[in-house]
Structure formats: C-alpha cells, structure tokens
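**Q** I would like to see how this sequence folds:
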Amino acid sequence: MALSLDDIRTLFDRHGSIAYSGEPVTQREHALQTAALAEAAGAPDALITAALLHDLGHLLNLQGETPTAHGIDDQHQYVALPFLRATFPDAVLEPIRLHVDAKRCLCAMDAHYYARLSADSVRSLALQGGVFSTHEAEAFMQRPYAADALQLRQWDDLAKVAGQRTPDLAHFLAMAARVSAAA
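**A** I've put the predicted structure just below:
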C-alpha cells in the first residue's frame, strides 16, 4: 500500500507525539527539526523531504518509545520504503535507506563523531552492526546518494533540541508534494 501525503500527515497526527527514543523531543519535533536544518542549509526539496521522512518507519512499526533500551533494532530505515516508493523518487528514498549506514560510516571516518552521539544513538549503532571497517566505509562512499545520506545523518544528530521552533508539517508536506509531482 502506498502512502499518500494525507496518510503521512495522519501518521504524524496519530503517532508524532511519541517520544523520540529517549531524546527531549517527540517524533514530530525530530522530523520537523531535521527538515528545517536541511532547508536552512539550502538542500534541494528532495533531500529536505528525505530529512522530514527519514524516521517515518518508527511511526509505521511502533515498538515503544525507546526500543533500543530493550535490544530492538526496528530497522526503521527500511520499513517506510515500500510505502513511499510509489510516491517519491530515489532522491528521497535512498538517503532514508542509507541514513543508518551513514552513521556507521561517519563513526569510521571521524573519531570525534562517535563521541558526539547520544546514548540512544550509541545503543542503536551496536544493534545496527557497529562502526564500519575502513573498507566498508570506502564502499559506502561509492554508493549513489551516500553524500546525501551523510548530510542527512548530521542533521538527524542535531535535531534533538527541546522547544526548537520550526516551520510546521504543512510547510514541509507542500514541499514533499512538489517532489512527488515531479517524480
């Protein structure tokens, strides 16, 4: 079943108030902050849409507020893709799919990156396969959309600020509608 933009809005309305894995923000706030950071950086609409939707899999596969604390990797980076494939191009889907591996890559490439991860990101990193080897990081960097996924991951890490003001969901869904229409 493909998700329409109205379906996406409904998911955020129904489940967006769930805490974002032990962070001081909700799922909705995290999504909006990530998209706002992408927009502020001048990212193209497709990457801003990916930033908004990168954790939609958490809303489709509800595992509680902090699944990593229970040893669960919900594989959220894959869960949403079948639902979004008919609506969005690869420029949206691939950064979503790759954003977890981007964390693994950044940990391999930047010794200071790991130290900046939140406690939940450290737990999820272990569940997701751990830090890439040098060879795995080099191979990741050769993949299409790897650079977008790395940038998305960095916005993802910063999008955990309690009370941060952002444009609303309608603002970003209008952008997503343009991306979808152009696909």
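
**Q** what sits against the residue nearest in space to the middle of the chain?
**A** Centroid-nearest residue in the chain: His54, 2.7 Å away (criterion: CA atoms, centre = their mean). The neighbourhood of His54, defined by CB atoms under 8 Å, 6 or more residues apart in numbering, consists of 31, 34, 77, 95-96, 99, 152, 156. No exception for glycine: its C-beta is placed from N, CA and C like everyone else's.

**Q** switch to 10 Å and redo it
**A** 30-31, 34-35, 38, 76-77, 80, 92, 95-100, 149, 152-153, 155-156, 159 (CB atoms under 10 Å, 6 or more residues apart in numbering).

**Q** Cys105 now?
**A** By CB under 10 Å, 6+ apart, the residues touching Cys105 are 98, 113, 131-132, 136-141, 143, 146, 149-150, 153.

**Q** ok, of these, which come out buried?
**A** Buried members of the contacts of Cys105, scored by 16 or more other CB atoms under 10 Å, are 98, 113, 131-132, 136-137, 140, 146, 149-150, 153.

**Q** how about the helices in this protein?
**A** If DSSP state H is used as the criterion, the helices of the chain fall at 5-15, 27-40, 45-53, 56-60, 76-79, 81-84, 90-109, 111-116, 119-127, 134-141, 146-158, 169-182.

**Q** Buried residues, stretch 23-32. List them.
**A** For stretch 23-32, by 16+ other CB under 10 Å, it's 23, 25-32.

**Q** I'd like to know which of the residues you listed is nearest to Val122.
**A** Nearest to Val122 among those: Glu23, at 12.7 Å, using CB to CB.

**Q** Please, a ChimeraX command that selects the buried ones among the contacts of His54?
**A** To isolate the buried subset of the contacts of His54 in ChimeraX, counting by 16+ other CB under 10 Å, use the following:
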select :30,31,34,35,38,76,77,80,92,95,96,97,98,99,100,149,152,153,155,156,159
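
**Q** Please identify the deepest-packed of the helices of the chain.
**A** Highest mean neighbour count among those (mean count of other CB atoms under 10 Å): helix 45-53, with a mean of 27.

**Q** for this protein, what are the low-confidence residue spans?
**A** Scanning the chain for pLDDT under 70 picks out the ranges 62-78.

**Q** Now do the same contact list for the residue of it positioned farthest from its centre.
**A** Distance from the C-alpha centroid of the chain peaks at His135, with 24.3 Å (CA atoms, centre = their mean). For His135, the contact set (CB under 10 Å, 6+ apart) comprises Ala108.
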